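>>> Below: sequence and its predicted model.
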Amino acid sequence: MSFPIVRHRRLRQSAAIRGMVRETVLTVDDFIQPIFVAHGSGIKNEISSMPGVYHFSLDTLEEEVKEIVDLGIPAVLLFGIPETKDSVGSSAFDEEGIVQQATRKIKALYPDLLVVADTCLCEFTDHGHCGMVHTFERDGHVCGDVLNDESLDLLVRTAVSQAKAGADIIAPSNMMDGFVQAIRAGLDEAGFSHIPIMSYSVKYASAFYGPFREAADSAPQFGDRKTYQMDPANVREALREAESDVLEGADMLMVKPALAFMDVLRLLRDQFDLPLVAYNVSGEYSMVKAASERGWINERAIVTEMLLGMKRAGADIIITYFAKDAARWLREGK
Ligand code: PBG
């Protein structure tokens, strides 16, 4: 059957009918808001490359979290800026570490707000890599290998200390092989068999993390992350990464970044039945902010379209620095 019988525009003629046939909807339940926490007091410092995103100290965090709860956002993802860094990232698994303190504070204030802990070492190591490093010199340059199995022990300690502090979900992001299995075993042994793991299963070595590395002060001091994060050219490898996480006991899978990797979201949605998370990363946020500050785009329309695209591609959950804005827009309605 074709034109003139088939007329696609019949179902587009009014807002009511478009609403009725809409296939994908965004709701506030989809969002996770990332937050950066730092030591000190009275701190609310805007990150220069991420307008509208701040470093908060434990006291100023209160007001921010209240706003998030009032908007109905169900979860936050915590990143910490430690006071001291060392070669093994000790502050990542310190009971008095900034993420642990922030977690305790948030859970005391709002027990129903989900705290997702990003479990990684790069914010806490002096070399900025996501694991323990073996360094050596080659042609006068410092080089290094990130040691897989040695790093797993540190990651497990970090995850357990985060769970002890009250984290509801552990989200390991350092891309070491076997990290889900190691963390699952570590959590179970410590009495946290009920705590789910949201694995950064498919995390690409991406230039879109640029602003985050300024925000978290976590740029690698030598080399890059290409020996552990994935090559953006690969997609079959994404299936292998996701499959091993499923076998190791992951409860949720993540694709990161989102915008340039929508095909990967769709593929994982079709191949696996675990809840799927899209991480709308810092560079994706900053590009939109920069263009909208110049008046080149309509921020609300662009962000809504991007987030809808991620859901349409298969994401159930979206980690986004736009969570508060998007929640406000949804509340305001059309
Ligand atoms: C930690 C981590 C990173 C991001 C989330 N967790 C940085 C990285 O891998 O370099 C990036 C988030 C963003 O860009 O918004 N490994």
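The structure has been received and is ready for your questions.
>>> helices or strands up against the helix or strand bottoming out on mean pLDDT in the chain?
When each helix and strand of the chain is scored by mean pLDDT, DSSP states H and E, strand 141-147 comes last, with a mean of 86. For strand 141-147, the packing partners by 3 or more Cβ pairs under 8 Å, 6 or more residues apart in numbering; DSSP states H and E come out as strand 132-138. All C-beta spots, glycine's among them, are computed from the backbone N, C-alpha and C.
>>> circling back to that earlier point, between the least confident helix or strand of the chain and strand 132-138, how many degrees?
If you take axes from the mean of the first three to the mean of the last three Cα atoms, to 10 degrees, strand 141-147 sits at 150 degrees to strand 132-138.
>>> per-residue pLDDT, residue 333?
Looking at residue 333, its pLDDT reads 86.
>>> what's the spacing between it and the ligand?
Per Cβ to the nearest ligand atom, to the nearest Å, residue 333 is found 28 Å from the ligand.
>>> what number of residues lie near the closest residue to residue 192 other than its chain neighbours?
Using Cβ to Cβ, 6 or more residues apart in numbering and skipping residues adjacent in sequence, the residue nearest residue 192 is residue 163, 4.3 Å away. By other Cβ atoms under 10 Å, the residues close to residue 163 number 24.
>>> which other helices and strands contact the helix or strand residue 163 falls within?
Taking DSSP states H and E as the criterion, residue 163 maps to helix 148-165. With contacts defined as 3+ Cβ pairs under 8 Å, 6+ apart, the packing partners of helix 148-165 are helix 98-109, strand 114-119, strand 132-138, strand 169-172, helix 179-189.
>>> Could you give the average pLDDT over that helix?
pLDDT averaged over helix 148-165 gives 97.
>>> quick check, it touching the ligand?
No. Judged by Cβ under 6 Å from any ligand atom, helix 148-165 stays clear of the ligand, getting no closer than 11.0 Å.
>>> could you give the angle of that helix to strand 114-119?
160 degrees.
>>> Could you check how far residue 329 is from the ligand?
21 Å.
>>> State which one residue of the stretch 101-250 of the chain is found closest to the ligand.
residue 212 (3.1 Å; Cβ to the nearest ligand atom).
>>> Could you check how far that residue is from residue 135?
Residue 212 is 24 Å from residue 135, where distance means Cβ to Cβ, to the nearest Å.
>>> now residue 87
In terms of Cβ to Cβ, residue 87 sits 9 Å off from residue 135.
>>> shared neighbours, those two?
residue 127 (Cβ atoms under 8 Å, 6 or more residues apart in numbering).
>>> can you map out the helices along the protein?
Per DSSP state H, the chain carries helices over the ranges 15-20, 58-70, 98-109, 148-165, 179-189, 210-215, 236-248, 262-271, 282-293, 299-313, 323-332.
>>> Can you lay out those as TSV showing distance to residue 28?
Formatted as TSV, these follow (distance: least, Cβ to Cβ, whole Å):
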stretch	distance to residue 28
helix 15-20	18
helix 58-70	10
helix 98-109	18
helix 148-165	25
helix 179-189	28
helix 210-215	23
helix 236-248	27
helix 262-271	20
helix 282-293	18
helix 299-313	11
helix 323-332	5
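>>> what residues does this structure put near the ligand?
Residues of the chain lying near the ligand (Cβ under 6 Å from any ligand atom): 118, 120, 122, 130, 173-174, 209, 212-213, 281-282.
>>> So of the residues you listed, which two are at opposite extremes in space?
174 and 282 (17.3 Å; Cβ to Cβ).
>>> Residue ranges in this structure under the pLDDT threshold?
Within the chain, the segments meeting pLDDT under 70 span 334.
>>> need the contact list for the residue nearest to residue 82 when sequence neighbours are not counted.
Distances taken as Cβ to Cβ, 6+ apart put residue 91 closest to residue 82, at 3.6 Å, once the chain neighbours are dropped. By Cβ under 8 Å, 6+ apart, the residues touching residue 91 are 80, 82-85, 97-98, 124.
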